[in-house]
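# Need coordinates for the below:
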Amino acid sequence: MKATFYVVAILAACGAAFFSFNQSNKFKSINKVHDEAVSSHATATAELTTTDKAITEEKAVIAAAQEKQGLLTQSVSSLKSTETSLKSESVKLDADLKTQEAEFAQVQVALDQVKKALETIGGDVTIETLPGKIQEIEDDKTAKTKKLEELTTLADGAEKNLVNSRAELDRLAKRLVERNSRIGRNSMEAVVTAVNQDWGFLVIGAGSNSGFSPQTTLLVERDGQKIGRVRPSSIEPTQTIAEIDLESLSAGVRVQPGDRVILAEPASN
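Numbers count the residues shown, from 1 in each chain. This next block holds a predicted model:
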């Protein structure tokens, strides 16, 4: 009887030990699953934070570009308004100059008439009235000479203003053309015509004729979304070979023929 009791006790102890060992293994397995889940959650949170930061920075870049485009549009409108105003002023100065030239001609005619009158003075002029008549003629000559000098001064000033206005108009027109050229370069885009994935380069259907240079950094877009950057390595007049910045590509994304290429940074104003 006592031997049977010992056997049962031993079996019970063994069962308890096995149950404890089995539960310990399950607990370790559960802890391992829990730790892996915590690590995965931390990784996903870090990636989400990085993505949110990138989106925020991209939105800031887009907003800055839109603001700069608005300022450039306002500046172009202002230059066009100034150009119109200067052209109007130039037309007015031309008209004033023609009027002054006509007045100058009339004054010159009057001076010629005075000279002839002095040469042929006679008629009802007598010895008694001659001094007064001469003084009257001299006064009239002085007044007309003064007016002629004033008109000459005004004509010279008007001519200088006209020259200055034309020079300013030419300067503003040249500046407008240069600014329009810069705006055109900022809106330029080209097409990827070929891609070599093995060697990491592509061919763009635009070159130095479109304003590309070795220092130009380009963005690759697909369906309006930026997918990476490329750097020109060989530039010809009508095509460019560029290296793909593989680190700038999103995971699993590859540049393909037909993708669009735009300037990474707009031209300065």
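# quick one, domains of this structure?
Using automatic domain parsing, the domain ranges for the chain come out as 78-184, 189-263.
# mind putting these in TSV, mean pLDDT and mean neighbour count included?
Heads up, the C-betas are built off the backbone N, CA and C, glycines and all. Conversion of the domains of the chain to TSV gives the following (pLDDT from 0 to 100; neighbours: other CB atoms under 10 Å):
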stretch	mean pLDDT	mean neighbour count
domain 78-184	73	13
domain 189-263	90	15
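# tell me which strands and helices the helix or strand hosting Glu67 is in contact with?
Element membership of Glu67 [criterion: DSSP states H and E] is helix 2-119. The contact analysis (3 or more CB pairs under 8 Å, 6 or more residues apart in numbering; DSSP states H and E) places helix 2-119 against helix 130-186.
# Skip ahead from the helix it packs on and say which helix or strand is next.
Toward the C-terminus from helix 130-186 - assigned by DSSP H and E - lies strand 189-196.
# so where's the longest strand in the protein?
Assignment by DSSP state E gives strand 225-235 as the longest strand of the chain.
# any chance of the domains of the chain in JSON lines, with distance to Lys59 too?
JSON lines is the format used below for those (distance: least, CB to CB, whole Å):
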{"stretch": "domain 78-184", "distance to Lys59": "23"}
{"stretch": "domain 189-263", "distance to Lys59": "12"}
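# out of these, which comes closest to Val38?
domain 189-263 (23.7 Å; CB to CB).
# between the helix holding Glu67 and strand 225-235, how big is the angle?
60 degrees (axes from the mean of the first three to the mean of the last three CA atoms, to 10 degrees).
# How far off centre is helix 2-119?
Chain-centre distance of helix 2-119: 15 Å, with CA atoms, centre = their mean, to the nearest Å.
# start the count at 33, not 1, going forward
Okay, residue one is now 33; in that scheme the one you just asked about reads as helix 34-151.
# and of the domains of the chain, who's closest to Glu68?
That would be, of these and by CB to CB, domain 221-295, which comes in at 21.8 Å.
# how far does the closest one sit from the chain's center?
22 Å.
# Compute the first-to-last residue distance for it.
End-to-end distance for domain 221-295: 7 Å, by CA to CA, to the nearest Å.
# residues in contact with the nearest residue to Leu194 once chain neighbours are set aside?
In space, Leu194 comes closest to Leu125 once its chain neighbours are excluded; the distance is 4.4 Å by CB to CB, 6 or more residues apart in numbering. Contact analysis of Leu125 by CB atoms under 8 Å, 6 or more residues apart in numbering lists Ala190, Asn193, Leu194, Ser197.
# you'd agree the first one is up against Ala127?
What it means is Ala190. No. With contacts counted by CB atoms under 8 Å, Ala190 stays clear of Ala127, the gap being 10.1 Å.
# circling back: quick one, which of the domains of the chain is nearest to Thr36?
That would be, of these and by CB to CB, domain 221-295, which comes in at 69.0 Å.
# if we can go back for a sec, could you list the paired strands of the longest strand of the chain along with their orientation?
strand 250-254 (antiparallel), strand 272-277 (antiparallel) (DSSP bridges).
# Alright, calling it a day.
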